[in-house]
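Engineer: Sequence first, predicted coordinates after that:
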Amino acid sequence: MIAAARYSPIVALDVDGVLRVPEPRPGEGTEVFAVEITMHRDRFPKALHRSPRWDEDGAFTATHFFSATGVEWVRSLVERGVDVRWCTTWGIHANTYFTTLLDLPELPTIFAPPRWDENAVEWKVRIIAEASRGRPVLWVDDQAWEEALRYTHTPRALTGVRHIHPAVGITADDVTAMNDWLALAGSPEGLDELRHQWRRQRDRQRRRGVRPFPAEWAALIR
């Protein structure tokens, strides 16, 4: 990891479909483990989230499944001093319900109130770009909008996105790819390589006549 904090990468981490696997598929080749969690109506995200059926005490208990590979990866990032932040519709309640049960420390949260016209993906693009401006960022999500983040985050060349299969969660292949990207983002030579990759991609788009910056994406950052 390079010394200057402004150049160290941020990992913007989703929960559902990434660490938490709502409906794991048998035989998908990933290991999941089950945890029983009791949630409470007065400690539950209101925006961009559907409430469960609370009991008369305002509680709801259910079994949740998590990617063992994904949880172990996040633990390893924390041990290595990587700047991991929740970026999820759970907001601060990702710490309320998941960190202790997953043997993780409380993590900072990328959060801002959603605008009335934003869906969850548009909201994430905006808040990630605002929170990570000037630093490399890796967005880990099952519904990532790579193009929009690429063109709203600055610097664009240091924008990484990993799409996770929601029925599986983070896999060993995902971990390898994400660690490779973080290794590049964590050294001066690696940052140069990411910039070269970005320029090559941009040049290919121009040769194909792809517009580099659709106007509607600019409105995501106001």
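Structural biologist: Received, thanks.

Engineer: how about the helices of the chain, start to end?
Structural biologist: For the chain, the helices defined by DSSP state H cover 68-79, 93-94, 120-132, 146-152, 172-185, 188-207, 215-218.

Engineer: JSON lines for these, including distance to Leu107 and mean pLDDT?
Structural biologist: Where C-beta positions appear, they are placed from N, C-alpha and C, glycine not excepted. Output for those, formatted as JSON lines (distance: least, CB to CB, whole Å; pLDDT from 0 to 100):
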{"stretch": "helix 68-79", "distance to Leu107": "8", "mean pLDDT": "97"}
{"stretch": "helix 93-94", "distance to Leu107": "7", "mean pLDDT": "96"}
{"stretch": "helix 120-132", "distance to Leu107": "13", "mean pLDDT": "94"}
{"stretch": "helix 146-152", "distance to Leu107": "20", "mean pLDDT": "90"}
{"stretch": "helix 172-185", "distance to Leu107": "16", "mean pLDDT": "96"}
{"stretch": "helix 188-207", "distance to Leu107": "24", "mean pLDDT": "88"}
{"stretch": "helix 215-218", "distance to Leu107": "28", "mean pLDDT": "53"}
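
Engineer: Starting from Glu130, give me the distance back to the residue lying farthest from the centre of the chain.
Structural biologist: In the chain, counting by CA atoms, centre = their mean, Glu56 sits farthest out from the average C-alpha position, at 34.2 Å. Separation of Glu56 from Glu130 (CB to CB, to the nearest Å) stands at 41 Å.

Engineer: circling back: any idea of the pLDDT on the residue farthest from the centre of the chain?
Structural biologist: Looking at Glu56, its pLDDT stands at 93.

Engineer: let's number from 262 now, not from 1
Structural biologist: Got it, first residue is 262 now, which makes that one Glu317.

Engineer: got the phi/psi numbers for it?
Structural biologist: Per-residue torsions, Glu317: phi -70, psi -20 (degrees, to the nearest 10).

Engineer: Skipping its backbone neighbours, what lies nearest Phe294 in space?
Structural biologist: Among residues not flanking Phe294 along the chain, Ala329 sits closest, at 5.4 Å (CB to CB, 6 or more residues apart in numbering).

Engineer: my read: the one you found touches Pro285, true?
Structural biologist: No. Shown here, Ala329 and Pro285 do not form a contact pair, counting by CB atoms under 8 Å, at 11.0 Å.

Engineer: where do the contact lists of those two overlap?
Structural biologist: Shared contacts of Ala329 and Pro285, defined by CB atoms under 8 Å, 6 or more residues apart in numbering, comprise Thr291, Val293.

Engineer: Give me the neighbour count for Leu309.
Structural biologist: Neighbour count of Leu309, defined by other CB atoms under 10 Å: 16.

Engineer: for it, what are its contacts?
Structural biologist: Going by CB under 8 Å, 6+ apart, Leu309 touches Thr350, Pro375, Asn380, Ala381, Trp384.

Engineer: And the residues you listed, which two are furthest apart?
Structural biologist: The two members of those with the most space between them (CB to CB) are Thr350 and Asn380, at 10.5 Å.
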